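Peer 1: Next comes the sequence, and after it the predicted model I'd like to discuss.
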Amino acid sequence: MTAHAFDVDAFLRRPLTARLATNGPTVRPVWFLWEEGAFWVLTGPWAHLLGRVRADPEVALVVDECEPATGLVRLVIARGRAEVLPFDVARGRRKLVRYLGADEERWDERFVHYLHDDPARRGTVWLRMEPVSLVAHDLSYAVTP
């Protein structure tokens, strides 16, 4: 099977679910934002993810899609150190809009709270991972009728 080139930035701007692996190992699905050459993941004390990253910031992340009916198979694998940064509403809105749409009235209440609750009180933070390695593959294939 031959890998084909594709636009990695355009792929990572799509509202796909990534899998983030921490030491343990543990793997969890996450929504992410790809900006400024880094993956941004919203988290806080309600999730084990924050404690795991604080204990060991080395992470791996996979974003992929597989559509057997069309033969579309693409993936991005990234590795690096996650850093914990303060939450900012503007970036949070950009991330949530890509998954939930622009109309906050239609969002589940918990997502609205991420934007409007005091991040210091709630504990909302960003995990930012700028990859030290990033590998992209398009392994798509032709589907015969």
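Peer 2: Great, that's in hand. Worth saying up front: this structure is predicted, and the values here are computed from it rather than measured.

Peer 1: Show the model's pLDDT score for residue 104.
Peer 2: If you check residue 104, the pLDDT there is 92.

Peer 1: same thing with residue 3?
Peer 2: 60.

Peer 1: The chain should start at 631 in everything you say after this.
Peer 2: Taking 631 as the first residue, the last one we looked at is residue 633.

Peer 1: Check whether residue 650 sits in a helix, strand or coil.
Peer 2: strand (DSSP: H, G, I helix; E, B strand; the rest coil).

Peer 1: And for residue 757?
Peer 2: Per three-state DSSP, residue 757 ends up strand.

Peer 1: ok, now how distant is it from residue 682?
Peer 2: When C-beta to C-beta, to the nearest Å is applied, the distance between residue 757 and residue 682 equals 10 Å. Heads up, the C-betas are built off the backbone N, CA and C, glycines and all.

Peer 1: Which one's more surrounded, these two?
Peer 2: A direct count of neighbours by other C-beta atoms under 10 Å for residue 757 and residue 682 places residue 757 higher, at 24 against 21.

Peer 1: Roughly how far does the more buried one sit from residue 650?
Peer 2: 8 Å.

Peer 1: what do those two both touch?
Peer 2: Taking C-beta atoms under 8 Å, 6 or more residues apart in numbering as the criterion, residue 757 and residue 650 both touch 671, 679, 689.

Peer 1: got a list of what the first one touches?
Peer 2: With contacts defined as C-beta under 8 Å, 6+ apart, residue 671 is in contact with 648, 650, 660-663, 679, 712, 756-757, 759.

Peer 1: quick one: the helices in the chain?
Peer 2: 638-642, 678-685, 719-730, 739-746, 749-752 (DSSP state H).

Peer 1: returning to what we had before: among the shared contacts of residue 757 and residue 650, which one has the lowest pLDDT?
Peer 2: Out of the shared contacts of residue 757 and residue 650, that is residue 679, at 94.

Peer 1: Please tell me how far that residue sits from residue 759.
Peer 2: Relative to residue 759, and taking C-beta to C-beta, residue 679 is found at 12 Å.
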